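# coordinates only, no sequence provided:
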């Protein structure tokens, strides 16, 4: 089942039932009663053969009419006949997901509230950093090349923090996928969240599934036009707000909001809103599940992350098959039937428009809404919940073997139930302990190691730094009194949003003194300089050593920088260059 | 390519492409893909109309928007000029000393001067302004014509021994090869070398003879103590910095037949603003007074 489904082209089942008019929804309509109950899906090859057989029967009928003429006839069909012709492109098959009710739906509402809340509200949170830095909690200040995240301020050279977060996100995704499958897709992916939001709007305006199908099929009328315009207008509004919220991360939100409203914001702000409005509206409103199926690379990569111990949304055919709509009648007739009443509730609620009973599929984002739908039905008919459930492939296979007596026969759901009619003890069920397997632990260890490393780096990072660049051309200058002078570009980084005064001192290099271009003070071994808040100050420093103190062509010395108030210090090891031959 | 086959599971024919046993199904494209394709076609057509596209014999079609990359560069240059207009005006209105006192102007002028230096000055003075024999090192504290901001400015603006500029700096050391005996020349050269401790094991007799010749012939310009005179462009002979070499032989050669370098006047060529920027830059190299 897994093997079959995970690596085939996504269109496989639809096309299989598909050479028909694009608007025909037969794959959403109730399935035909099935005689063979041993497979959770009809054999596609069988369907195909039946269809071909239908063609053949017609041909035979024609032949019978012309029997008298004894003309030889052929079982041939034109390659481009309408019956076999395939369109060059496939229209999207519309999906009208029914609203599900249940614990996963509730969980999804909560996740949606949190994720959308975080996205829309974060830029408006204020965070006081004093008079010399912006007071926005989260701000990517591209113009000044600073990134603020509440108490943390990141300079461009500290971008490794962001790289570390990305690595954590990667390991986190591996961990999440290895344990709970495509939970990212089903609950937190922006595509899923916004499609969910857009579906709320669609439901509010056009009604529940059946009403929407009816409206879609109905000819254009004032009512339909009004509802469609209203729906798209609200979608666009949400899209504009989505794009609008994004730019607030890059500028002071209240100021930018005022500028946007009065038309004074930078063109790039409007352009960004326009682009994100377009993508949100098109992806969330128009393309929906096609983004996941056709455009997103993640479903492809994810197959490599899942294994037989990962939780996925599973249809438990070992207790569901053979499915029947007429359970009582079948039971009375002595037939063996499973728990599935073939109500298609799982299909109706699916935002991807698939049938989970076909097994694991690339399209399935594991939103678990089919679990909610099926659980409600099981409650109604008095069966245990979990005909569709989160299960691992290992459990599923073990239970299937149990139901098929080791694969020897078709599924007989009696085998998984004990004498009293309850699910037997031999049925494998999921236990949290199963998550504690080496693969997950290694992912978790890697994820934690990067995280702890980042925290350590964050707590020990320097907020005062000094960088020194020695002049290379010329390396040294001979002065008129024979002394040697070296030039250095000294960069002092005051990485906190407060003005600070630093003392720069020479260490080692006997007899030497220094002076700074543009600073009016006598040459000495130490000088003080004020650096603006959150700024880098570049100084041109000339270090001069008398000729009789020079101890060789290369002398090591050190610039020591100290904050006069906090005594925080930094140092830089430099080299003093002199000519090989003494000057005098 | 192999023959088309029908895939068993999906009932769809394959394209005939096969990689390691994986076959590609010949499914129809999704319609949105087709829409995107048409959109790119429309975009391409619009682009060709709006932007320069078709090459003609002498130039390309200009496009409705009138865009050109050259025009874009021009706009950016204009914007850059406009952005620094305030600084340029400040430099034009102030003396070099005033510019040096104004931190923002100084920073701007130093950067602009460094750029101008790279284009106009490095050919003689070197990319680090370190000079070479006959071309002064501008980093040190020895100045033939003065190291104050206005001195440097005047030297750059009017040049040295530059005949086309009336205000140019002029000095000329006579060639003593015809006026003094060879022995006298080597004696005075040894004496001059001794002023900065380079005479080696010269005898006192040579030094005193040289000192006498120096007092008679050289002190007028270079001063009795040999410390030079900037009014006349006469170098200080007692320090560690030598223009044409510091050995007694090199000094003797310069006494016999002096070399005289020429520096062009730059004010007419570069304009006063650039000359001031250059003066600020040279002054900032470490030897400015």
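Received it, and whenever you're ready, just let me know what you need. Computed from a predicted model, the values in this text were never measured in an experiment.
# can you give me how far stretch A:157-172 is from the chain middle?
15 Å (Cα atoms, centre = their mean, to the nearest Å).
# list the buried residues of that stretch.
A:161, A:164, A:167, A:168, A:171, A:172 (16 or more other Cβ atoms under 10 Å in any protein chain shown). Every C-beta, even on glycine, is put in place using the N, C-alpha and C of the backbone.
# against residue A:148, how distant is the nearest residue to the first one once chain neighbours are set aside?
It stands for residue A:161. Distances taken as Cβ to Cβ, 6 or more residues apart in numbering or on different chains put residue A:154 closest to residue A:161, at 5.7 Å, once the chain neighbours are dropped. Residue A:154 sits 8 Å away from residue A:148, going by Cβ to Cβ, to the nearest Å.
# go on, residue B:49?
45 Å.
# who's more crowded, these two?
residue A:148 (20 against 12; other Cβ atoms under 10 Å in any protein chain shown).
# what's the longest helix along chain B in contact with?
Longest helix in chain B, counting residues (DSSP state H): helix B:31-50. Here helix B:31-50 makes contact (Cβ atoms under 8 Å, 6 or more residues apart in numbering or on different chains) with A:88-92, A:287, A:290, A:294, B:53-54, B:63-65, B:67.
# at 7 Å instead, please
A:89, A:90, A:91, A:92, A:287, A:290, B:63, B:64, B:65 (Cβ atoms under 7 Å, 6 or more residues apart in numbering or on different chains).
# what's near enough to touch the second one?
Right, residue A:90. Taking Cβ under 7 Å, 6+ apart, one finds B:28, B:29, B:30, B:31 in contact with residue A:90.
# next, format those residues as TSV and append pLDDT and neighbour count.
Below are the contacts of residue A:90 laid out as TSV (pLDDT from 0 to 100; neighbours: other Cβ atoms under 10 Å in any protein chain shown):
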residue	pLDDT	neighbour count
B:28	83	17
B:29	84	13
B:30	86	20
B:31	87	16
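# quick check: residue B:60 vs residue B:74, distance?
As judged by Cβ to Cβ, residue B:60 and residue B:74 stand 18 Å apart.
# narrow the contacts of helix B:31-50 to those in helices?
Among the contacts of helix B:31-50, the members falling in helices (DSSP H) are residue A:290.
# show me which residues of the stretch 51-200 of chain A sit near chain B.
A:86, A:87, A:88, A:89, A:90, A:91, A:92 (Cβ under 7 Å from any Cβ of the partner chain).
# min pLDDT across those, which one?
Between those, the one the model trusts least by pLDDT is residue A:86, at 66.
# read off the pLDDT value for residue 19.
Going with chain A. 42.
# actually, chain B is the one I wanted.
At residue B:19, pLDDT is 87.
# could you do residue B:154 as well?
Residue B:154 is assigned a pLDDT of 95 by the prediction.
# nearest to residue B:202 among the buried residues of stretch A:157-172?
residue A:161 (68.1 Å; Cβ to Cβ).
# now do the host helix or strand of that closest one, average pLDDT.
Remark: residue A:161 resides in helix A:160-180, with elements defined by DSSP states H and E. Mean per-residue pLDDT for helix A:160-180: 92.
# run through who's touching that helix.
By Cβ under 7 Å, 6+ apart, the surrounding residues in contact with helix A:160-180 are A:154, A:183-184, A:302, A:305-306, A:310-311, A:435, A:439-440, A:443-444, A:446-447, A:450-451, A:453-454, A:458.
# give the contact list for residue A:487.
If you count contacts by Cβ under 7 Å, 6+ apart, residue A:487 has them with A:471, A:540, A:542, B:286.
# for residue A:497, state which of those is nearest.
The nearest one, if we look at the contacts of residue A:487 relative to residue A:497 and count by Cβ to Cβ, is residue A:540, at 26.0 Å.
# list phi and psi for the residue nearest to the closest one when sequence neighbours are not counted.
In this structure, residue A:540 finds its nearest non-sequential neighbour in residue A:517, 4.0 Å apart by Cβ to Cβ, 6+ apart. Phi and psi for residue A:517, reported as degrees, to the nearest 10, are phi -60, psi 130.
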